[in-house]
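>>> Quick check, what structure comes out for this input:
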Amino acid sequence: MRHLPLFLAAFLAYFSVATPLARAGEQSPDRHFEAIARLITEKMREHHVPGVALGVIRDGQTTVRGFGVTNLEDPQEVTADTIFPLASISKTVTATAVMRLVERGQLDLSAPVRKYLPEFRTQDAALSGAATVRDLLTHTSGWEGQLSATDWGSETMARFAAGLATNLQLAPPGAAWSYNNAGFGVAGRIIEVVTGMNVHDAFADLVFKPLGLVRASTRVGDVATYRLAQGHRVNAEGKTTVVRPFNLGSTTPAGGAAMSMTELMNYARFHLSDGSSDSGARVLSRETLTLMRTAQLRKQSTDDEMGIGWHLRRVGDLRTASHGGTFSGHILLLELVPEKNFALAILTNASTGWRLIQDVERAALLEYHGVTLAPNQGIAHRGLNETLPPVAPLARQPDLAAYLGRYVRPMNAVVVRKEKGRLIVQVRPNTGNPDADMPVTFFGPDRAVVTSGPEQHASVEFIRNAAGVVEWVRVTGRIARRQ
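Numbering: from 1, shown residues only. Modelled structure (predicted):
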């Protein structure tokens, strides 16, 4: 589609205008917002992204703008009220629902999962029996996490949790941080058991309705009644096509919520607040919201930490709490900077949107707050792809023999080999052709960066067990266990 950039440019020229603000009387965009808006327009062209919604909260004031179109085949303007699937940003909704139940005394973060789901187990009954509710919300349950839930109606989450009985336990709970959709699926099932509601009604009752989020839902039937941003797939040549069929995520608690940018900013405002909704009703305490943004653990072999549902990162002298999302041609990010009463959200409808988001997020933190990632800062997966900031290899590389071997997980294996004095990492699916070789070099202890190829500048982390031996490799946020 050699005409595509011109086609997109025409839409961008027409549609890159401010949409209605989230609330009447809020301030007009400032020079910082306009600088970010210009960058978004540039990056949309560069990465063939049809549509973007941008939201910023600064000093209690909210500004929202839409760019481009919802669907290349049936183009409508992206506005503040256009619905985007949130993908894994939904995990913060699950965590918020759980913390409401914790405050009511109906859930205990430190309790084992089996207190609420007595029959729950994975392939390793003993290890999975030690997993706690907190492990579910911090991606430390240790079992394989890339699992989808078949829609069985009202039995979906119950059958999903029961179906994990044969799931591979890759690490003991708490031993290795690994991005885990399945853990949030189990958390969703616990919410159902405790509330006596299905997860859709529970989310509405515990989060959406108390916060007054009208255009927020986990049901496709609700979402389809509004203007909706369709996902797009972009290939290596820049050809952009609509992703079909449309759905809201593999598992509702892990990735099944949808909101407009207006509602997402209202949701972010709540998480920056004292715990009250805009109507003044107390939904959570300030202490609980602070706890959710408090480090529960460090993600091994990185500088990032994990809160309860939120991914924590220090950028310069600021501490951010964020969550990204990646699903079916939608790439998204919500980021909070609580000490500055600041929030940033970027929603895109293209598989290449992560590149736009990465550049815009980093530019926004610099533009608004004068901070940037440090050289050799080890960042970790937050629900969307990222590349590392500039890194300089260690002058003396470690003994590569400590890392060699085959690392396994259900869907693929990760083979780490030495070739001509260099370490090569390769993902080998159980079916189909292996992924491209990823030559890596170490820039810190057990921290490596891909030096060439399609994944250049991506992070690969190695994790040691209690005995100090490398037992896991983490690629794109997910571990594989060394055989």
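>>> what about the strands in the stretch 301-450 of the chain?
Assigned by DSSP state E, counting those that start in this stretch, the strands in the stretch 301-450 of the chain fall at 305-306, 311-315, 318-327, 330-337, 342-348, 405-408, 412-419, 422-429, 438-444, 447-450.
>>> Ok, the stretch 151-300 of the chain next?
So, for the stretch 151-300 of the chain - with DSSP E, counting those that start in this stretch - the strands run 216-217, 232-234, 240-242, 258-260, 297-298.
>>> mind listing what the first one pairs with, with the direction of each?
Strands adjacent to strand 216-217 in the sheet, as given by DSSP bridges, are strand 258-260 (antiparallel).
>>> Could you give the separation of the partner strand from the chain centroid?
Distance of strand 258-260 from its chain centroid, counting by C-alpha atoms, centre = their mean, to the nearest Å, is 15 Å.
>>> If we go by neighbour counts, what in it is buried?
258-260 (16 or more other C-beta atoms under 10 Å). (C-beta placed from N, C-alpha, C; glycine too.)
>>> Quick check: the gap between the residue nearest to the spatial centre of the chain and residue 390.
Centroid check for the chain by C-alpha atoms, centre = their mean gives residue 383 as the closest residue, at 2.4 Å. Using C-beta to C-beta, to the nearest Å, residue 383 is found at 23 Å from residue 390.
>>> all helices in the stretch 51-200 of the chain, in order from the N-terminus.
In the stretch 51-200 of the chain, the helices defined using DSSP state H, counting those that start in this stretch lie at 90-103, 125-128, 133-137, 156-163, 181-195, 199-203.
>>> Nearest to residue 478, out of these?
Proximity to residue 478 (C-beta to C-beta) singles out helix 181-195 among those, at 9.7 Å.
>>> Please work out the angle formed by the directions of the closest one and helix 156-163.
Interaxial angle of helix 181-195 relative to helix 156-163 (axes from the mean of the first three to the mean of the last three C-alpha atoms, to 10 degrees): 120 degrees.
>>> Report all helices and strands that helix 181-195 contacts.
With contacts taken as 3 or more C-beta pairs under 8 Å, 6 or more residues apart in numbering; DSSP states H and E, helix 181-195 sits against helix 90-103, helix 133-137, helix 156-163, helix 199-203, helix 252-255.
>>> Deepest-packed of those helices, please.
helix 252-255 (a mean of 29; mean count of other C-beta atoms under 10 Å).
>>> for that one, what is the average pLDDT?
Averaged over helix 252-255, pLDDT sits at 96.
>>> ok, now stretch 456-464?
98.
>>> how about the CA coordinates for that stretch, as PDB?
Coordinates of the C-alpha atoms in stretch 456-464 are reproduced here as PDB (Å, rounded to 0.1, in the frame of the first residue of the first chain):
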ATOM      1  CA  GLN A 456      17.500  -4.800  18.500                       C
ATOM      2  CA  HIS A 457      17.700  -2.800  21.800                       C
ATOM      3  CA  ALA A 458      15.200  -5.100  23.500                       C
ATOM      4  CA  SER A 459      16.000  -6.400  27.000                       C
ATOM      5  CA  VAL A 460      16.800 -10.100  27.900                       C
ATOM      6  CA  GLU A 461      17.100 -10.900  31.600                       C
ATOM      7  CA  PHE A 462      18.600 -13.900  33.400                       C
ATOM      8  CA  ILE A 463      17.400 -14.800  36.900                       C
ATOM      9  CA  ARG A 464      19.200 -16.800  39.500                       C
END
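>>> Okay, buried residues for it please.
Buried, per 16+ other C-beta under 10 Å, within stretch 456-464: 458-464.
>>> can you tell me which of these are in strands?
Among those, the members found in strands (DSSP state E) are 459-464.
>>> Reformat those residues into a markdown table and put distance to residue 318 next to each item.
Listed next are these as a markdown table, based on distance: C-beta to C-beta, whole Å:
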| residue | distance to residue 318 |
| --- | --- |
| 459 | 21 |
| 460 | 27 |
| 461 | 23 |
| 462 | 29 |
| 463 | 27 |
| 464 | 30 |
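>>> Name the nearest of those residues relative to residue 224.
residue 459 (37.3 Å).
>>> Quick one: residues contacting the closest one.
302, 378-380, 386-388, 447-450 (C-beta atoms under 8 Å, 6 or more residues apart in numbering).
>>> got a markdown table for these, with distance to residue 238 too?
A markdown table is the format used below for these (distance: C-beta to C-beta, whole Å):
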| residue | distance to residue 238 |
| --- | --- |
| 302 | 32 |
| 378 | 32 |
| 379 | 27 |
| 380 | 30 |
| 386 | 21 |
| 387 | 19 |
| 388 | 25 |
| 447 | 33 |
| 448 | 30 |
| 449 | 26 |
| 450 | 23 |
